[in-house]
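Visitor: I'll drop the sequence and a predicted model, then ask my questions.
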Amino acid sequence: IGPGDRALALTALHHDMSVFDLFGVLGAGGTLVLPRASERREAAHWARLMEEHGVNVWNSVPAMMDMLLEHLGPRNGPLDGLRLAFMGGDWLNVATVR
């Protein structure tokens, strides 16, 4: 993680995964892209933000990545620039990894 990285901040601040967003990304000089509160759970909004802001780091529970993949279907555009994907807090489905 470094100054050229942009992460989509999907994790609520009361969740332990947000520690990485705040201290890992910002502490390394990266940028956090914040979704609108009203669209925080909308995969279509995430996809738009990823394309508009060049998001290349993903940090979430696996279910949120599953939501994004379901929304995108065969269109992987927003994922083309993804450099790192961190997931935790639940089991990771093999289909998600593929």
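Guide: Good, I have the coordinates. Numbering: from 1, shown residues only.
Visitor: if we look at stretch 44-59, which residues are touching it?
Guide: Identification of contacts with stretch 44-59 by Cβ atoms under 8 Å, 6 or more residues apart in numbering yields 1, 4-8, 10-11, 17, 20-21, 25, 30-31, 33, 35-36, 39, 65, 68, 71-72, 77-79, 81-87. The way it works is simple: take the backbone N, C-alpha and C, and place the C-beta from them, glycine included.
Visitor: Would you mind listing which of those are buried?
Guide: 1, 5-8, 10-11, 17, 20-21, 25, 30-31, 33, 35, 65, 68, 72, 78-79, 87 (16 or more other Cβ atoms under 10 Å).
Visitor: how deep is the residue lying closest to Asn93 once chain neighbours are set aside tucked in, by neighbour count?
Guide: In this structure, Asn93 finds its nearest non-sequential neighbour in Pro62, 6.4 Å apart by Cβ to Cβ, 6 or more residues apart in numbering. Pro62 has 17 neighbouring residues, counting by other Cβ atoms under 10 Å.
Visitor: Pro74 now?
Guide: For Pro74, using other Cβ under 10 Å, the count is 4.
Visitor: From what I see, the residue nearest to Asn93 and Ala85 are in contact.
Guide: No. The criterion here is Cβ atoms under 8 Å, and Pro62 misses it with Ala85 at 9.9 Å.
Visitor: Tell me the secondary structure at the residue most central in space within the chain.
Guide: In the chain, the centroid-proximal residue (Cα atoms, centre = their mean) is Trp58; its distance is 3.2 Å. Under the three-state scheme (DSSP: H, G, I helix; E, B strand; the rest coil), Trp58 adopts strand.
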